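>>> Predicted model and sequence below, questions to follow.
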Amino acid sequence: DIVRNRPALVTVVSTFLLYILDGIRSGTTVYLYNNYFERPELASIALFFNAGCAIAGSFCIQYFIRLFKDSNRAYIFTMVTGAGMYLAWFGIICAVGREQAGQMMGLGQPLFILYALCGFMQGAHLVFPDVMLPQAVDYGQWKYDRNQAGFIFASYGFCLTIGGAIGGGLLGFMLDGIGYSAGADMAESVLKGLLLIGVLLPSILTLVQAFVQSLTGLNDKKHA
């Protein structure tokens, strides 16, 4: 019955992808500041502002739901918009070059502000599964006349934990793959690899997650 509960299965798999991409993106931020932008003194400050915007974004999901009149549509919107903002950040960095990008990542500079604002959609993105899962539990109760809450939330917790672990592990393998070595002078190819791993790859995975989540087959009207 759990496997046939499509909204639950889709949301759990979607969350698995979410925490893989979040593990990669979060783990790479310090590497980008330390090595690509050569602004290690700003890494913790940038993360602080990004996290602050994420907290604000997590409080705004009710307004996204009202705007789109459906939780799943609002969830997909936050994914696509968040990926778009990170891709815009990536594009600007590539367009201006590494040295100029490093200057624009200074406190209060345009790329710093854009990175902080990326956290807004990221925060909503991370919280939305907590809206979708209770709907999937209700659907299972209605469809199969059986309370599936324990198994669904256990599956969610497992995927959340293992997804973050896999994301961190993949990051290590990819750093090895591009030739990263702590403390060593880095070739331009290694630095570009850091940017691809830390920004482009998580954005692509977010779009993949949005596609997976679009297959849920449950909306607020049907849930009601």
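Sure thing, it's come through.
>>> Tell me the buried residues in the host helix or strand of residue 114?
Taking DSSP states H and E as the definition, residue 114 sits inside helix 110-127. Along helix 110-127, these residues count as buried under the neighbour rule (16 or more other Cβ atoms under 10 Å): 111-112, 114-127. Every residue, glycine included, has its C-beta placed from N, CA and C.
>>> Over to stretch 171-180?
Those would be 171, 174, 175, 178, 180, for stretch 171-180 by 16+ other Cβ under 10 Å.
>>> With adjacent residues omitted, what lies nearest to the fourth one?
The spatially closest residue to residue 178, leaving aside those adjacent along the chain, is residue 193, at 3.3 Å (Cβ to Cβ, 6 or more residues apart in numbering).
>>> which strands and helices sit next to the helix or strand where the one you found lies?
Element membership of residue 193 [criterion: DSSP H and E] is helix 188-195. Applying 3 or more Cβ pairs under 8 Å, 6 or more residues apart in numbering; DSSP states H and E, we find helix 188-195 packed against helix 71-96.
>>> For the helix or strand following the helix it packs on, which helices and strands make contact with it?
Downstream of helix 71-96, the next assigned helix or strand under DSSP H and E is helix 98-104. Counting contacts by 3+ Cβ pairs under 8 Å, 6+ apart, helix 98-104 is packed against helix 71-96, helix 110-127.
>>> run the last query once more with 7 Å
helix 110-127 (3 or more Cβ pairs under 7 Å, 6 or more residues apart in numbering; DSSP states H and E).
>>> backbone phi and psi for residue 3, please?
phi -70, psi -30 (degrees, to the nearest 10).
>>> Tell me which residue lies nearest the centroid of this structure.
residue 22 (4.6 Å; Cα atoms, centre = their mean).
>>> Relative to residue 211, how far out is that one?
17 Å (Cβ to Cβ, to the nearest Å).
>>> remind me which residues of the chain are low pLDDT?
Regions of the chain meeting the criterion pLDDT under 70 are absent.
>>> ok, 80 please
Scanning the chain for pLDDT under 80 picks out 1-2, 182-185.
>>> residues making contact with stretch 102-115?
For stretch 102-115, contacts defined as Cβ atoms under 7 Å, 6 or more residues apart in numbering pick out 37, 38, 39, 42, 45, 46, 50, 89, 92, 93, 96, 101.
>>> Residue 211 - how many residues pack around it?
13 (other Cβ atoms under 10 Å).
>>> Check the one 10 residues further on too.
The burial count assigned to residue 221 is 8, neighbours taken as other Cβ under 10 Å.
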